[in-house]
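Colleague: no sequence on hand, only this structure:
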């Protein structure tokens, strides 16, 4: 893999060195701390209102099923 040489200020180097884990190279450290996390907020607005409501309903139904299953399990083992 090709390499590049960069110049950074001493305080930036020290900050990077503090972030570096023992088994990491500086390149690994830069990749780790600059990696963009894909959170759910990236998907806001991707679904239509109709799809969002369908998903919400499916989640609520699944939660209700899980509550019912847990209640039956508790009733079975509490006897």
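Modeller: That came in fine, so what should we check first? Being a predicted model, the structure only gives us computed values, none of them experimental. Numbers count the residues shown, from 1 in each chain.
Colleague: now the strands for the protein?
Modeller: Using DSSP state E, no strands are found in the chain.
Colleague: remind me which residues of it are low pLDDT?
Modeller: For the chain, applying pLDDT under 70 flags the ranges 79.
Colleague: domain-wise, how is it divided?
Modeller: 1-35, 40-78 (automatic domain parsing).
Colleague: now these as a markdown table including mean neighbour count?
Modeller: For the C-beta atoms, the positions are set from N, CA and C on the backbone; glycine is no exception. Listed next are the domains of the chain as a markdown table, based on neighbours: other CB atoms under 10 Å:
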| stretch | mean neighbour count |
| --- | --- |
| domain 1-35 | 9 |
| domain 40-78 | 10 |
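Colleague: the most centrally placed residue in the chain: what's it in contact with?
Modeller: Centroid-nearest residue in the chain: residue 39, 5.2 Å away (criterion: CA atoms, centre = their mean). If a contact means CB atoms under 8 Å, 6 or more residues apart in numbering, then residue 39 has no contacts.
Colleague: over to it: give its phi and psi.
Modeller: Phi and psi for residue 39, reported as degrees, to the nearest 10, are phi -90, psi 170.
Colleague: from residue 45, how far out is it?
Modeller: From residue 39 across to residue 45, the span is 14 Å (CB to CB, to the nearest Å).
Colleague: residue 23 now?
Modeller: Taking CB to CB, one finds residue 23 at 40 Å from residue 45.
Colleague: also residue 78?
Modeller: 46 Å.
Colleague: need the helices for this structure, in chain order.
Modeller: For the chain, the helices defined by DSSP state H occupy 10-19, 26-34, 49-78.
Colleague: of all the ones you listed, which lies closest to residue 3?
Modeller: helix 26-34 (8.5 Å; CB to CB).
Colleague: output the contacting helices and strands for that closest one.
Modeller: Counting contacts by 3 or more CB pairs under 8 Å, 6 or more residues apart in numbering; DSSP states H and E, helix 26-34 is packed against helix 10-19.
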